[in-house]
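Visitor: give me the fold of what follows.
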Amino acid sequence: MKILLGFLVLITSFIAKGDNIGLGKVDSIKEYDFNSNKSIKIYLETSATLINSACKENGRVYGTITTTMHDSDTINRMFSMATAAYFSGKKIRLFSEKHTCEIDFLGLQETQF
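Guide: So this is what the prediction gives:
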């Protein structure tokens, strides 16, 4: 029975889509418009939880919004929500559908649900 349960857990981990990048208050928002990098990076404070350890830079969790991977309306909405969270001191949740640091979901929320 334990072997079957372990096998099911292993299979489920491969089937599950996406992964949290982090949940926390916004530390900074940086917009890049270089020839080789057109993106927005959202950094969370060091107290962030639900951390994807692959998405850390200088001790902070970050998520990226690459302009070629999202339409402009989506980018504007995510950027606006992150900015609102920054100024209000509220937490956001960053989530990647592809198990990367690319933000596919941004939620203004205090806990994960």
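Visitor: does the residue nearest the centre of the chain sit in a helix or strand, and which one?
Guide: By CA atoms, centre = their mean, the mean C-alpha position of the chain lies nearest to Leu94, the distance being 2.8 Å. Element membership of Leu94 [criterion: DSSP states H and E] is strand 91-96.
Visitor: which is the next helix or strand following that strand?
Guide: Counting by DSSP H and E, the element after strand 91-96 in chain order, helix or strand, is strand 105-108.
Visitor: partner strands of that next one, with direction?
Guide: For strand 105-108, sheet partners with direction are given as strand 91-96 (antiparallel), following DSSP bridges.
Visitor: restrict the strand it pairs with to CA atoms and write it as CSV.
Guide: Coordinates of the C-alpha atoms in strand 91-96 are reproduced here as CSV (Å, rounded to 0.1, in the frame of the first residue of the first chain):
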residue,chain,number,x,y,z
LYS,A,91,0.8,41.0,-0.4
ILE,A,92,0.7,39.5,-3.8
ARG,A,93,1.0,35.9,-5.0
LEU,A,94,3.1,35.2,-8.1
PHE,A,95,2.5,31.9,-9.9
SER,A,96,4.0,30.3,-13.0
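Visitor: just use 42 as the starting number from now, easier for me
Guide: Will do, 42 is the new start, and the previous item becomes strand 132-137.
Visitor: gap between it and the chain center?
Guide: Relative to the chain's own centre, strand 132-137 is displaced by 5 Å; criterion: CA atoms, centre = their mean, to the nearest Å.
Visitor: so which bits of that strand are buried?
Guide: For strand 132-137, burial by neighbour count (16 or more other CB atoms under 10 Å) applies to Lys132, Ile133, Arg134, Leu135, Phe136, Ser137. Backbone N, C-alpha and C define where each C-beta goes, glycine included.
Visitor: this completes my enquiry, with thanks.
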